[in-house]
Structure formats: structure tokens, C-alpha cells
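Chemist: Here is a sequence together with a model predicted from it:
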Amino acid sequence: MSTGKKRIRGRVTVLLSGGIDSSCCLAYYLDEDFRVDALFVDYGQLSAKRELRAAKSVCLHFRVPLRIIRLSGASEKGRGLITGRNAFLLCLCAIEYRPNAGIVALGIHSGTQYRDCSPLFVQKMQAVFDICTGGTLQIGTPFLKWRKGDIWTFARSRNIPLRMTYSCERGLSQPCGTCDSCSDLEALLAGPMSQN
């Protein structure tokens with residue numbers, strides 16, 4: 001007989017950029033009855049201020065605690081591919097993660113040109129985690145086989161507050177009309193899925 005209480009399945013830290021994908025990843029783990037917290041990293045990206053504002057709004061909406069890390073680099077991080085970004089973020093999360101078993105999750109998905117959004121990347125990074133943590137820390141990628149449209153559909157069905165999210169790589173008002181993230185957003189807004 002069910003008591004109506006959720007069974008907590010464990011802890012997960014979501015790498016939250018404030019964008020659609022990571023916000024949906026956060027909602028996904030909440031739906032799966034995990035104890036969820038979020039980590040935002042300002043690594044010098046052009047969009048850091050607006051991303052952080054979005055991440056704070058999303059966490060407030062879902063009542064999820066947010067930790068923030070600010071770093072400075074030797075060069076400006078522009079739009080598009082930032083080599084090694086997801087590997088860096090995962091390793092940073094491993095450093096900051098509290099002891100004992102858990103999951104570090106990110107909202108990467110298929111249908112992208114980025115190598116650090118691939119199953120091979122996740123496999124190799126998990127091998128690094130296994131060495132460093134003795135297998136106690138897992139990488140969670142619930143959307144790894146999903147395309148962007150699948151995430152959009154999930155967001156709409158889950159009533160995720162998309163107006164709170166932010167994804168422009170240039171740090172401008174979105175859609176900016178030039179970066180890949182805003183191009184994806186324009187396509188989604190123009191498609192039939194946006195009419196729900």
C-alpha cells in the first residue's frame with residue numbers, strides 16, 4: 001500500500017547554465033525523486049551575468065539550492081565551441097562534490113556538432129571519474145539520445161518556465177540572430193511544438 005510519500009532515490013548535482021537543456025535536466029531529476037541541487041560556474045563566458053540570473057530564477061522556481069563558482073581565465077571566452085568546456089565543468093564539479101555516492105548531471109543531447117556532447121565523451125569522462133572517486137560518482141546524461149526538439153517537448157509537457165531560461169552565447173538579448181544557441185531557439189519557437 002502506497003503512503004503517498006516519494007522515495008528519495010539519491011543525490012544529484014545538476015550543472016546549471018540557466019539554459020533550456022540544463023533547466024530541463026534539473027526538472028527531470030526532480031521528477032525522478034532525487035534530492036537535487038545545482039551548480040553554476042562563471043568561467044568567463046560572455047553570457048555569465050544573464051546565465052546566472054536565469055539559473056537563480058530557475059532554482060527559485062523549483063526550490064532547489066544553487067551553488068556558484070566564479071573563476072577567471074587568461075583569455076575571453078567567446079561564442080560557439082569552447083574547447084574542453086564540459087570536461088572542465090565536470091571535473092570542477094567532482095572537486096566540489098560532497099563525499100559519498102551521487103550523480104553529477106548535465107543536459108547534453110544528440111544532434112549537435114560538439115564532441116563533448118557525445119556518448120564517447122561521457123564514457124571517457126566516467127572512466128576518469130571512476131579512477132578519481134573509486135566509482136562513487138556517476139555522470140548523469142538523461143538527454144544523451146534526445147534531440148533538441150525532444151527536450152523542448154519535455155519542457156512544454158512539464159510546464160518548465162522557459163521564459164526564465166537564457167542561452168545566448170554572446171550575452172545579448174535572445175534570440176540574438178547569430179549564435180548557435182539562439183538559432184536553435186528561433187527554430188523551436190517557429191516550429192509546431194511552440195504552438196501548444
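Modeler: Yep, it's here.
Chemist: C-alpha from now on. contacts and neighbour counts both.
Modeler: Noted.
Chemist: Does the residue most central in space within the chain lie in a helix or a strand, and which?
Modeler: The geometric centre of the chain, computed from its C-alpha atoms, lies nearest to residue 22 (Cα atoms, centre = their mean), at 2.5 Å. When secondary structure is defined using DSSP states H and E, the element that contains residue 22 is helix 20-31.
Chemist: what's the answer for residue 156, then?
Modeler: Using DSSP H and E, residue 156 maps to helix 148-157.
Chemist: Same check on residue 37?
Modeler: Mapping residue 37 onto the secondary structure by DSSP H and E places it in strand 35-42.
Chemist: how much does the helix or strand just after that strand deviate in direction from helix 20-31?
Modeler: Proceeding N to C from strand 35-42, the next assigned helix or strand is helix 48-62, under DSSP H and E. Comparing the axes of helix 48-62 and helix 20-31 via axes from the mean of the first three to the mean of the last three Cα atoms, to 10 degrees yields an angle of 20 degrees.
Chemist: so what strands line up beside the strand holding residue 37?
Modeler: Each strand that pairs with strand 35-42, with its direction, by DSSP bridges: strand 11-15 (parallel), strand 66-70 (parallel).
Chemist: so how far is it from its chain's centroid?
Modeler: Its chain's average C-alpha position is 9 Å from that of strand 35-42, according to Cα atoms, centre = their mean, to the nearest Å.
Chemist: Alpha carbons of that strand, as PDB, please.
Modeler: Provided in PDB are the C-alpha atoms of strand 35-42 (Å, rounded to 0.1, in the frame of the first residue of the first chain):
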ATOM      1  CA  ARG A  35      17.500  15.200  -3.900                       C
ATOM      2  CA  VAL A  36      18.700  17.900  -6.300                       C
ATOM      3  CA  ASP A  37      21.000  20.800  -6.000                       C
ATOM      4  CA  ALA A  38      22.500  22.900  -8.800                       C
ATOM      5  CA  LEU A  39      26.000  24.300  -9.500                       C
ATOM      6  CA  PHE A  40      26.600  27.400 -11.700                       C
ATOM      7  CA  VAL A  41      30.100  28.100 -13.000                       C
ATOM      8  CA  ASP A  42      31.100  31.600 -14.200                       C
END
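Chemist: which residues does residue 105 contact?
Modeler: 12, 13, 14, 15, 25, 139, 140, 141 (Cα atoms under 8 Å, 6 or more residues apart in numbering).
Chemist: For the fifth one, which non-adjacent residue is spatially closest?
Modeler: In this structure, residue 25 finds its nearest non-sequential neighbour in residue 107, 5.3 Å apart by Cα to Cα, 6 or more residues apart in numbering.
Chemist: Would you agree the one you found is in contact with residue 27?
Modeler: No. Counting by Cα atoms under 8 Å, no contact exists between residue 107 and residue 27, whose distance comes to 10.7 Å.
Chemist: between these two, who's got more neighbours?
Modeler: More neighbours sit around residue 107 than around the other of residue 107 and residue 27, counting by other Cα atoms under 10 Å; the figures are 25 against 21.
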